[in-house]
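Undergrad: Here is my input, please return the structure:
(one chain, ligands or ions: 1)
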Amino acid sequence: MAEKRSVCVTGAGGFLASWLVKLLLSKDYTVHATVRDPGDDKNAHLKKLERAAENLKLLKADLLDYNSLSAAITGCSGVFHVASPVPPSTVPNPEVELIEPAVKGTLNVLKASSEANVRRVVFVSSGAAVSMNPRWPKGQVKDETCWSDKEYCRTTNNWYCLSKTEAESEALEFAKRSELDVVAVCPTHIMGPMLQSAMNSSSLVLIKLLKEGYEKLENMIRMIVDVRDVAEALLLVYEKPESEGRHICTAHMIKSQDLVEMLRRIYPNYNYPKNFTEGKEEEKLSSEKLQRLGWSYRPLEETIVDSVESYRQAGLLD
Ligand SMILES: NC(=O)c1ccc[n+]([C@@H]2O[C@H](COP(=O)([O-])OP(=O)(O)OC[C@H]3O[C@@H](n4cnc5c(N)ncnc54)[C@H](OP(=O)(O)O)[C@@H]3O)[C@@H](O)[C@H]2O)c1
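TA: Numbering: from 1, shown residues only. Okay, the predicted model is just below:
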C-alpha cells in the first residue's frame, strides 16, 4: 500500500530535480530520491536539505535497470520522472547515449509506476519536444498541440530534441493504453541558482556568456524559465486533479544581446561577447495552460541575479 505523501524523484541530484526535492521536503512529502551513485560527492547536497534527515531516502537507480527503479518507486503514490541525459554538446553515439536512456528509461519508470499502483506520474519533457516543427504556421504561437517533428530532428542532428520528443510521446501513449495517469511539463531553457556542485548544461550557457568573451555570438531568441518556478509547476500539475496532458512551462523571451546588456548593467566587469550576428526569428511558446492552473513566475532579473550570485559563491566565475 502506497504511503499517501511518498513520492519518487528520478535523477534527484541534477539541477532541476534538486530544487524539486527541496520543494517536496518543505511541503512535508517523503521523497524517494534516485541517483546513480548515492556515495558520490555530487549528491551530498541532497542530504543537507531541510528535513532530509527525516524524509529523504537516497536510493541507487539507473534508468536502464528496471529492478532498481521498481525498488525505488514501490511504496510511492506519485513519481516525478526528471532524469534524462542533457549533454552540453554533441555526443558521439546519440542512439546509445541519449535516445536509449531517455526512451527506454521512461518506459521502465512508467512500467514500474503502473505495477506499484502509482496515482500520477509527472514526466519532465522539454520545449525541445514542442518547438522543432517546420510545418507549424509561421507567426502562430506554439501551444501544447505543437509537437517537434521526429524526422526533422533526426535529419538536422537535433538528437536531444529527438530524445525528449520520443520519450514524451511514448509516455503519453503508455498512459492511453494503461490505467496510469501521466502528465507532462515542457520547460524551455532553465536558469537559476544551483543547489548541486556538478555543472549542468543549461547553467553553463549563462556562465559562458559571463566568462567566455566570445568574438561573435548569434543573437538568438532565448526562452527562459527559473528553476524554482519549474519545480513549482511540477508540484502544481501533480497536485491539481484537473491537470492532464502536456504543459508548456516558459516565462521570458529575450534576445541574447538584450540578455547580455541586462547582465552588463548589473555586473559590468565580466568578459561578455564582443559582437552579435543576427539570429533567426523563432516563434513564441505559450504557457497559458499552466497559468490557468494557477502557475506564475518571477521576474527575469531575479533569476539572473540569483544565478550569478550562486555561481560566484561556488567560485565558478573566478
Ligand atoms: N535545464 C534545462 O534547460 C532543461 C529544459 C527543459 C527540460 N529539461 C529536462 O529537465 C530534466 C533535468 O535536467 P537538468 O537541467 O536538471 O539536467 P541535469 O542536472 O544534467 O540532470 C539530469 C539528471 O539525469 C540523470 N541521468 C542521466 N542519465 C541517467 C541514467 N541513465 N540513469 C539515471 N539517471 C540518469 C543525471 O544523473 P547523473 O548525475 O548520474 O548523470 C542527472 O541527475 C531533464 O529531463 C531535461 O531533459 C531541462
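Undergrad: What residues does Ser256 make contact with?
TA: By CB atoms under 8 Å, 6 or more residues apart in numbering, the residues touching Ser256 are 209, 217-220, 222, 273, 276, 279. To be clear about C-beta, it is placed using only N, CA and C from the backbone, and glycine gets the same treatment.
Undergrad: Point out where the protein drops to low pLDDT.
TA: In the predicted model of the chain, residues 1-4, 282 satisfy pLDDT under 70.
Undergrad: Show me which residues of it are close to the ligand?
TA: 11, 13-17, 36, 62-64, 82-86, 101, 105, 124, 126, 164, 187, 189-190, 200, 202 (CB under 6 Å from any ligand atom).
Undergrad: out of everything not next to it in sequence, what's closest to Lys111?
TA: Tyr66 (7.0 Å; CB to CB, 6 or more residues apart in numbering).
Undergrad: Please report how far the closest residue to the ligand within the chain lies from Ser114.
TA: Residue of the chain nearest the ligand, by CB to the nearest ligand atom: Gly14 (2.4 Å). According to CB to CB, to the nearest Å, Gly14 and Ser114 sit 24 Å apart.
Undergrad: Then Ala33?
TA: 21 Å.
Undergrad: which one of those two has more residues nearby?
TA: More crowded of Ala33 and Ser114, by other CB atoms under 10 Å: Ala33, with 30 against 17.
Undergrad: Longest helix in this protein, by number of residues?
TA: Looking across the chain with DSSP state H, the single longest helix is helix 159-177.
Undergrad: List the buried residues for that helix?
TA: For helix 159-177, burial by neighbour count (16 or more other CB atoms under 10 Å) applies to 159-172, 174-175.
Undergrad: Now do the contacts for the closest residue in space to Arg120 that isn't next to it in sequence.
TA: Nearest residue to Arg120 in three dimensions, chain neighbours excluded: Asp181, at 4.5 Å (CB to CB, 6+ apart). By CB under 8 Å, 6+ apart, the contact set of Asp181 is 119-121, 175.
Undergrad: let's see 10 Å
TA: 78, 113, 118-122, 175, 241, 243-244 (CB atoms under 10 Å, 6 or more residues apart in numbering).
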